[in-house]
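Trainee: need coordinates for the following:
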Amino acid sequence: MRTSLLFVLSLLLSACSGIAPRGSGDLGVVIERADGSVKIVDSSQRAVLARVTGLGDLSHASVVFSRDQRYAFVFGRDGGLSKVDLLEQKLVQRVQQAGNSIGGAISQDGSLIVAQNYEPGGIKAFRTDTLEQVADVPAEYGNDGKRSKVVGLADLPGNRFAYALFDAGEIRITDLSDPSRPKTQRWAAGKQPYDALVTPDGRYFIAGLFGEDGLAMLDTWQPELGVKKVLSGYGRGQEPLPVFKMPHLRGWAQAGGRLYLPAIGRHEVLVVDMQTWQEVGRIAVRSQPVFVMARPDGREIWVNFAFPDNSHVQVIDTLTQRITDTLQPGKTVLHMEFTPRGEQVWLSVRDDNRVVVYDTATRRPLQQIEALSPSGIFFTARAARIGF
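Mentor: Sure, this is the predicted structure:
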């Protein structure tokens with residue numbers, strides 16, 4: 001009887017607030033980078049539900065979601081951390097936690113939000129319910145107290161977080177199971193790690209190296225083995241090419257036991273066998289890839305590009321390893337996001353001020369949604385995935 005009364009009361013409160021009860025599993029946000037705002041979207045209806053403003057500098061923004069998929073935590077380039085209620089469609093809280101930041105992660109149990117910072121270099125942890133800071137772990141290196149920029153932060157099982165230090169050339173894992181007593185391990189990784197990813201099981205943490213050929217890989221199940229270099233010597237080609245935009249390893253793809261990675265400064269996608277961690281192929285693409293993303297079923301890989309070919313997207317068949325389609329959604333495609341089961345892909349087209357939604361089966365556009373200089377697109381299904 002008490003449960004029934006609580007249910008009726010919740011319905012009455014929803015009615016009074018003017019917001020109908022609904023789930024959050026098909027919601028998401030689109031970053032409007034030029035205006036410091038996000039649009040809350042419904043991927044089932046392909047519609048905008050609300051616009052939330054006042055989030056600061058979102059020129060390089062990323063998002064993670066609470067376990068119940070109700071709250072979006074937005075990391076701004078200016079060091080701002082914002083909590084957005086997707087159901088009540090409002091900004092709940094915003095804290096200025098650093099001077100320059102490029103992203104963050106959420107803990108396995110959903111209790112902690114962790115930001116990675118350029119300035120001051122290091123990571124900071126906050127309670128998800130109040131955004132109260134509970135830990136500050138400086139990325140100090142050397143003997144003179146210098147701090148390194150932190151990149152590639154990813155959540156690991158056990159409320160641990162792996163990340164790379166660009167200036168120090170290290171990979172670190174910080175255990176925040178007791179935020180009052182952070183415990184950090186460190187390994188030499190190579191020259192200038194610029195981004196990183198963690199495999200879906202949380203086992204392998206892989207950092208891309210900008211200052212040398214290859215990738216640095218740490219087996220988090222056996223960290224005592226240290227960092228292993230993989231794909232050493234894949235290079236930038238006989239003639240080094242200029243890098244117009246750094247690729248994002250977080251937009252990596254895994255399909256059929258293979259890893260698909262953007263090659264730095266090359267017009268190629270690298271194919272890696274995940275059993276041997278050896279290169280097993282290269283796929284020539286139109287230009288320098290930025291995001292290399294797998295459709296959720298792993299049947300296709302979608303690739304977008306750096307300038308001057310950033311108005312194109314190519315589709316790769318993972319059985320044949322061949323390009324099957326080249327699309328032109330509009331001027332400057334910055335990001336892609338698949339719906340959880342992969343029937344749609346949403347693409348942000350910055351210079352046309354719109355998001356284009358494609359049917360992945362027919363590769364025909366289904367909808368265009370207006371947005372001010374859109375960049376990142378993030379759906380709440382990420383809440384259930386390690387490393388996202």
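Trainee: any chance you could map the helices in this structure?
Mentor: For the chain, the helices defined by DSSP state H occupy 2-17.
Trainee: domain-wise, how is it divided?
Mentor: In the assignment given by automatic domain parsing, the structural domains of the chain cover 43-233, 245-388.
Trainee: by mean pLDDT, show me the worst of those.
Mentor: Among the domains of the chain, domain 245-388 carries the lowest mean pLDDT, a mean of 92.
Trainee: circling back: closest one to residue 37 among the domains of the chain?
Mentor: When the domains of the chain are compared by Cβ to Cβ, domain 43-233 sits nearest residue 37, at 4.4 Å. Every residue, glycine included, has its C-beta placed from N, CA and C.
Trainee: picking that back up, tabulate the domains of the chain (JSON lines), appending mean neighbour count.
Mentor: Putting those into JSON lines (neighbours: other Cβ atoms under 10 Å) gives the following:
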{"stretch": "domain 43-233", "mean neighbour count": "19"}
{"stretch": "domain 245-388", "mean neighbour count": "19"}
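Trainee: please render those domains as TSV that adds distance to residue 36 to the earlier fields.
Mentor: Shown next, in TSV, are the domains of the chain (distance: least, Cβ to Cβ, whole Å):
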stretch	distance to residue 36
domain 43-233	5
domain 245-388	10
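Trainee: indicate which one of those domains is closest to residue 34.
Mentor: The closest of the domains of the chain to residue 34 is domain 245-388. By Cβ to Cβ, the value is 3.6 Å.
Trainee: so which of the domains of the chain gets nearest residue 30?
Mentor: Going by Cβ to Cβ, the one of the domains of the chain nearest residue 30 is domain 245-388, 5.2 Å.
Trainee: where do the strands sit along the stretch 201-350 of the chain?
Mentor: Using DSSP state E, counting those that start in this stretch, the strands found in the stretch 201-350 of the chain span residues 204-209, 215-219, 227-230, 253-255, 258-262, 268-273, 278-284, 289-294, 300-305, 313-317, 322-327, 333-338, 344-349.
Trainee: which other helices and strands contact the fourth one?
Mentor: In this case it means strand 253-255. strand 258-262, strand 289-294 (3 or more Cβ pairs under 8 Å, 6 or more residues apart in numbering; DSSP states H and E).
Trainee: make CSV from those strands and add distance to residue 171 to it.
Mentor: Below are the helices and strands packed on strand 253-255 laid out as CSV (distance: least, Cβ to Cβ, whole Å):
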stretch, distance to residue 171
strand 258-262, 17
strand 289-294, 22
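Trainee: for the ones you listed, which one sits closest to residue 279?
Mentor: The nearest among the helices and strands packed on strand 253-255, by Cβ to Cβ, is strand 258-262 at 9.5 Å.
Trainee: now the closest one, how far from the centre of its chain.
Mentor: Distance of strand 258-262 from its chain centroid, counting by Cα atoms, centre = their mean, to the nearest Å, is 16 Å.
Trainee: cool, stretch 45-63 as well?
Mentor: On Cα atoms, centre = their mean, the centre of stretch 45-63 falls 15 Å from that of its chain.
Trainee: circling back to that earlier point, could the strands of the stretch 201-350 of the chain go into a markdown table alongside distance to residue 376?
Mentor: Converted to a markdown table, these look like this (distance: least, Cβ to Cβ, whole Å):
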| stretch | distance to residue 376 |
| --- | --- |
| strand 204-209 | 19 |
| strand 215-219 | 24 |
| strand 227-230 | 28 |
| strand 253-255 | 17 |
| strand 258-262 | 17 |
| strand 268-273 | 21 |
| strand 278-284 | 25 |
| strand 289-294 | 10 |
| strand 300-305 | 13 |
| strand 313-317 | 16 |
| strand 322-327 | 20 |
| strand 333-338 | 5 |
| strand 344-349 | 7 |
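Trainee: out of these, which gets nearest to residue 122?
Mentor: strand 204-209 (17.1 Å).
Trainee: tell me which strands the closest one pairs with, and in which orientation.
Mentor: Sheet pairing of strand 204-209 (DSSP bridges) gives strand 193-198 (antiparallel), strand 215-219 (antiparallel).
Trainee: so can I have TSV of those strands showing distance to residue 163?
Mentor: Shown next, in TSV, are those (distance: least, Cβ to Cβ, whole Å):
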stretch	distance to residue 163
strand 193-198	7
strand 215-219	11
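Trainee: re earlier: of all the helices and strands packed on strand 253-255, which one is nearest residue 90?
Mentor: Comparing those by Cβ to Cβ, strand 289-294 comes nearest, at 30.0 Å.
Trainee: which strands and helices sit next to that closest one?
Mentor: Under the contact rule (3+ Cβ pairs under 8 Å, 6+ apart), strand 289-294 is packed against strand 253-255, strand 258-262, strand 268-273, strand 300-305, strand 333-338.
Trainee: can I get those strands in CSV including distance to residue 30?
Mentor: What follows is those, written out as CSV (distance: least, Cβ to Cβ, whole Å):
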stretch, distance to residue 30
strand 253-255, 22
strand 258-262, 23
strand 268-273, 26
strand 300-305, 16
strand 333-338, 9
